[in-house]
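**Q** what's the 3D shape of this:
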Amino acid sequence: TKRQPKQQRKTYATGKLSFDDMEHMLYTIFDDTTNGIEGCGARELTETTLGMAKIVKILRQQSKRRGEDSSRVILRRLLLSEDMKSNRELLKFLAGTSMKIIHQFDARRLSNLAY
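**A** Purely as a prediction, here's the structure:
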């Protein structure tokens, strides 16, 4: 799920980030997370997966609203498909990473990950 980083642009005089700047920052965070996740243990992997699941839940509940902020639009592009279903490639990636260290999970973390 590696993306080409976009060139960072300057912020507006008001100090607010432009849509492109926000997109660059969120894609960078997402890429850094997915690139580093294979080195994580059971706890970190579970927390990352649960965090993404919570974001997806919120995005689905709020669906597409008028006047929506740019961070929600960008996160929806990253984590959901056009029909508001979870990003299958991301789920496959997380499942594959989990399978490599499944022997390290205790019952609670395994239950949380399955959730």
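**Q** you'd agree L59 is up against R76?
**A** Yes. Using C-beta atoms under 8 Å, L59 makes contact with R76 at a distance of 5.3 Å. In this view, the C-beta of every residue, glycine as well, is placed from N, C-alpha and C.
**Q** So which elements touch the strand or helix carrying T97?
**A** Following DSSP states H and E, one finds T97 within helix 88-100. Secondary-structure packing of helix 88-100 (3 or more C-beta pairs under 8 Å, 6 or more residues apart in numbering; DSSP states H and E): helix 42-62.
**Q** Buried residues of stretch 40-57, list them for me.
**A** Neighbour-count burial for stretch 40-57, with 16 or more other C-beta atoms under 10 Å as criterion, is recorded at 42, 45-46, 48-49, 52-53, 55-56.
**Q** Span of stretch 61-73 from start to end?
**A** Start-to-end span of stretch 61-73 (C-alpha to C-alpha, to the nearest Å) is 14 Å.
**Q** Could you pull up the mean pLDDT of it?
**A** Across stretch 61-73, the average pLDDT comes to 76.
**Q** What's the separation between A107 and A42?
**A** Distance from A107 to A42, counting by C-beta to C-beta, to the nearest Å: 11 Å.
**Q** what does M84 give?
**A** 30 Å.
**Q** repeat for Q62
**A** From Q62 to A42 the distance is 31 Å (C-beta to C-beta).
**Q** what do you get for E89?
**A** Counting by C-beta to C-beta, the gap from E89 to A42 is 22 Å.
**Q** Equivalent analysis for A95, please.
**A** For A95, the distance to A42 (C-beta to C-beta) stands at 14 Å.
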